[in-house]
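Visitor: Task: produce atomic coordinates for the following.
(one chain, ligands or ions: 1)
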Amino acid sequence: MGSNSEAFIGSIDQGTTSSRFLIFNKSGEPVASHQLEFKQIYPHPGWHEHDPLEIISSVETCIDGAVKQFETQGHNANQIKAVGITNQRETTVLWNKETGEPLYNAIVWTDTRHQNLVRKLKQRLGADKLIDLAGVPLSTYPSVGKLLWLLENESKVKEAYDKGVLAFGTIDAWLVYKLNGGPKKNVFVSDPSNASRTMFMNLHTLDYDESLLDFFRIDPAKIALPKIVHSADPEAYGSLGSTVLKGVPITGCLGDQSAALVGQKAFTPGLAKNTYGTGSFILYNVGEKPVISKSGLLTTVAFDFGKGTKASYALEGSIAVAGSSVKFLVDNLGLIEKSSEISQLAETVEDNGGVTFVTAFSGLFAPYWIDDARGTIFGLTGYTKKGHIARATLEATCFQTKAILVAMEKDSGHKLSELAVDGGMCNSDLTMQTQADLISIPVKRPQMRETTALGAAIAAGLAVGVWEGIEELKTVNTEGSTSFSPKVSKEDADKRFAQWEKAVQMSKGWAQ
Ligand code: ADP
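Guide: Residues are numbered from 1 along each chain as shown. The predicted structure follows:
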């Protein structure tokens, strides 16, 4: 039981499938938490929506639930000094700025209904230059296509736009707006790590860019866009207007992958993290100047803590199929009963026995961007056992991670010295050892893996002085971490990687 003067920070983690609220102490330990799943809405193939009001109510329930747990431990709610937000990125909410009522469900980042619209945009003059300003190329991923689709297809949205009452927000902006109390407070802001996923923000100025808005033919007089403020700010985000924490300031905000980078304390250039979830997201800190990739990566704002410091940028690469390949062995092939059994199965053999599995179930993402590849297993012989397939499955994510890291080193000119890891698949020691072996640098896994939520708490805590600065965070969440050191020679690792690259080339073209 802590003393009643001890300070705590709350963290709203609004993800794709669930909302959570965690309460951290100054050492970065979560002392209470509450989680709630919410409805996934799939109206048609390729469409994916969330109910924006359910997102808000789920967050409120989580806050109340976690604080209740916190208080049963003998703490008092008033020890929670500030709240940070981390959220699913790109997901788009549109509402009436006068009433605060949503005009449509949130269109989720995974949604691809606007594929044709994006195809047409790509043909516009200057489309290939957008990446220099926005950091991301045109695809169905950023928020802009979701907004344009709604303007074209939803009369309520078009009417609001014509009347000048349309408000646009990513999930962070929607949460801040509603949790403050909606139109009566009208706190309407977003942070640069979220705004850099819209395609309206200029990466260099950290503000909306007229030429980007022009390209998309969006009239800024007809649509309200949230003001872009620092990711850590004692005032800009207002305060909670509901729940038991009513009145507690919201002082930090980071998109989920940026939050994980911060939670891993990758504050300086050359540090990187990989979150091995369903898919895998690698962010690589490149410092205070954005690096526009020539190797198939995205550029994003990592964090912008204000107080006279400059924003930090990251290169980002994602792998479409990571932990889901393990689920594939469980659900589709029935080789194991649950994901956690994969290491054991893989350990029944010494190596992959010549098997390479390109897990390109929906093509390959960064750095390859091969749409027409499909999952392919190479090297099967009469000798192949289940264990070899299990090993090849784990290796596929590790090889793709290596390919992304190679691209990141090439683009940035920085050499990576260590990879910080989190996410479900990092629970597998064998996978993490394999990862270290293949990238020839140590892989570091913290004991407390709630790094995304911790990142938002760090942003919020920095803003209110719970931590004075980055220096003070050095010791946060270091206890009990595991380091996996490479055990094979660089030469051996390169040979295995060359085999993988050959398999990638051979998996091309299947889906034509
Ligand atoms: P998300 O946040 O994307 O839902 P999580 O970080 O919760 O993902 O990770 C879930 C994924 O991790 C699942 O796809 C699962 O197959 C994989 N996973 C979980 N535990 C293990 C394990 N011990 N070994 C390998 N993979 C695992």
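Visitor: is it true that residue 112 touches residue 45?
Guide: No. Counting by CB atoms under 8 Å, residue 112 sits too far from residue 45 to count as a contact (9.1 Å). For every residue, glycine as well, the C-beta is placed using N, CA and C.
Visitor: Residue 139: what's it in contact with?
Guide: 118, 145 (CB atoms under 8 Å, 6 or more residues apart in numbering).
Visitor: Which pLDDT value goes with it?
Guide: pLDDT recorded at residue 139 is 87.
Visitor: same question, the one 3 residues further on
Guide: At residue 142, the pLDDT value in this model is 93.
Visitor: Repeat that for residue 235.
Guide: The model's pLDDT for residue 235 equals 97.
Visitor: quick one on the thing from earlier: neighbour count: residue 112 and residue 45, which is higher?
Guide: residue 112 (14 against 7; other CB atoms under 10 Å).
Visitor: would residue 295 count as being in a helix?
Guide: No. Residue 295 sits outside any helix when classified using DSSP: H, G, I helix; E, B strand; the rest coil, being coil.
Visitor: Just say helix, strand or coil for the residue lying closest to it once chain neighbours are set aside.
Guide: The shortest distance from residue 295 to any non-neighbouring residue, by CB to CB, 6 or more residues apart in numbering, is to residue 407 (3.8 Å). Recorded secondary structure, residue 407: helix (three-state DSSP).
Visitor: Which residues are in contact with residue 407?
Guide: 293, 295-297, 315, 317, 366-367.
Visitor: cool, and residue 450?
Guide: Applying CB under 8 Å, 6+ apart, the residues near residue 450 are 22, 30, 33, 263.
Visitor: I'd like the distance from the second one to residue 107, if you could.
Guide: Noted for residue 30: a distance of 31 Å to residue 107, by CB to CB, to the nearest Å.
Visitor: what about these two, which has more around it?
Guide: residue 107 (24 against 18).
Visitor: what's the nearest residue to that one once chain neighbours are set aside sitting at in phi/psi?
Guide: Computed as CB to CB, 6+ apart, the closest residue to residue 107 that is not its neighbour in sequence is residue 146, at 4.1 Å. Taking degrees, to the nearest 10, you get phi -70, psi -40 for the backbone angles of residue 146.
Visitor: try residue 340
Guide: phi -70, psi -10.
Visitor: cool, and residue 96?
Guide: According to degrees, to the nearest 10, residue 96 has phi -80, psi 120.
Visitor: Neighbours of it, how many?
Guide: Counted with other CB under 10 Å, residue 96 comes out at 18.
Visitor: My guess is it contacts residue 163. True?
Guide: No. Assessed by CB under 8 Å, residue 96 is found out of contact with residue 163, at 9.1 Å.
Visitor: before we move on, back to that, just the contacts of residue 450: which are in helices?
Guide: Among the contacts of residue 450, the ones falling in helices (DSSP state H) are residue 263.
Visitor: Roughly how far does the residue of the chain found nearest the ligand sit from residue 322?
Guide: Across the chain, the shortest distance to the ligand (CB to the nearest ligand atom) belongs to residue 424, at 2.1 Å. Shown here: residue 424 relative to residue 322, a distance of 9 Å by CB to CB.
Visitor: quick one: contacts for residue 78?
Guide: Applying CB under 8 Å, 6+ apart, no residues qualify as near residue 78.
Visitor: Surely it forms part of a helix?
Guide: Yes. Counting by three-state DSSP, residue 78 is located in a helix.
Visitor: which residue ranges form the strands in the stretch 251-400 of the chain?
Guide: Under the criterion DSSP state E, counting those that start in this stretch, the stretch 251-400 of the chain carries strands at the ranges 272-276, 280-287, 298-303, 312-319, 356-358, 376-378.
Visitor: looking at these, which is closest to residue 126?
Guide: strand 298-303 (18.0 Å; CB to CB).
Visitor: related to what we said a few turns ago, now the strands of the stretch 251-400 of the chain as a markdown table including mean pLDDT, mean neighbour count and distance to the ligand?
Guide: Below are the strands of the stretch 251-400 of the chain laid out as a markdown table (pLDDT from 0 to 100; neighbours: other CB atoms under 10 Å; distance: least, CB to the nearest ligand atom, whole Å):
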| stretch | mean pLDDT | mean neighbour count | distance to the ligand |
| --- | --- | --- | --- |
| strand 272-276 | 97 | 28 | 7 |
| strand 280-287 | 96 | 25 | 9 |
| strand 298-303 | 96 | 26 | 18 |
| strand 312-319 | 96 | 27 | 11 |
| strand 356-358 | 98 | 25 | 14 |
| strand 376-378 | 96 | 17 | 18 |
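Visitor: ok, back up a step: what sits in contact with each of residue 424 and residue 322?
Guide: Common neighbours of residue 424 and residue 322 (CB under 8 Å, 6+ apart) are 276-278.
Visitor: So which residues on the stretch 401-512 of the chain come close to the ligand?
Guide: 423-425, 427-428 (CB under 6 Å from any ligand atom).
Visitor: Which of those residues fall in strands?
Guide: Nothing among those maps onto strands, per DSSP state E.
Visitor: and those as JSON lines, adding pLDDT and neighbour count?
Guide: Shown next, in JSON lines, are these (pLDDT from 0 to 100; neighbours: other CB atoms under 10 Å):
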{"residue": "423", "pLDDT": "93", "neighbour count": "21"}
{"residue": "424", "pLDDT": "92", "neighbour count": "17"}
{"residue": "425", "pLDDT": "96", "neighbour count": "26"}
{"residue": "427", "pLDDT": "96", "neighbour count": "17"}
{"residue": "428", "pLDDT": "97", "neighbour count": "23"}
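Visitor: Adding distance to residue 159 as columns, could you present those residues in a markdown table?
Guide: Below are these laid out as a markdown table (distance: CB to CB, whole Å):
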| residue | distance to residue 159 |
| --- | --- |
| 423 | 42 |
| 424 | 43 |
| 425 | 46 |
| 427 | 49 |
| 428 | 52 |
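Visitor: between those residues, which is closest to residue 481?
Guide: residue 427 (13.9 Å).
Visitor: For residue 159, which three-state class applies?
Guide: helix.
Visitor: need the helices for the stretch 51-200 of the chain, in chain order.
Guide: 52-72, 115-123, 130-134, 143-153, 155-163, 171-180, 192-195 (DSSP state H, counting those that start in this stretch).
Visitor: just checking, what packs against the fourth one?
Guide: It refers to helix 143-153. strand 92-96, strand 106-107, helix 115-123, helix 155-163, strand 166-170 (3 or more CB pairs under 8 Å, 6 or more residues apart in numbering; DSSP states H and E).
Visitor: In terms of mean pLDDT, which of these ranks lowest?
Guide: Minimum mean pLDDT among the helices and strands packed on helix 143-153: helix 115-123, a mean of 92.
Visitor: which outside residues touch that helix?
Guide: Contacts for helix 115-123 (CB under 8 Å, 6+ apart): 46, 127, 138-140, 145, 148-149, 152, 216.
Visitor: which of those count as buried?
Guide: For the contacts of helix 115-123, a burial check counting by 16 or more other CB atoms under 10 Å picks out 138, 140, 145, 148-149, 216.
Visitor: domains in the chain, as residue ranges please.
Guide: 3-254, 257-321+402-486 (automatic domain parsing).
Visitor: quick one: low-confidence ranges for the stretch 151-300 of the chain?
Guide: Counting by pLDDT under 70, the stretch 151-300 of the chain shows no low-confidence range.
Visitor: residues making contact with stretch 39-55?
Guide: 14, 17, 19, 38, 91, 93, 95, 102, 105-108, 110-113, 115, 171, 174-175.
Visitor: Now do the buried residues in it.
Guide: 47-50, 52, 54-55.
Visitor: what separates that stretch from the chain centre, distance-wise?
Guide: From the chain centre to the centre of stretch 39-55 is a distance of 19 Å (CA atoms, centre = their mean, to the nearest Å).
Visitor: quick one: contacts for residue 202?
Guide: 133-134, 208-209, 212.
Visitor: and the gap between it and residue 290?
Guide: For residue 202 relative to residue 290 (CB to CB), the value is 10 Å.
Visitor: just to revisit the earlier point, right, and the helices of the stretch 51-200 of the chain - which one's nearest residue 267?
Guide: For the helices of the stretch 51-200 of the chain, the distance to residue 267 is smallest for helix 192-195, at 14.0 Å, taking CB to CB.
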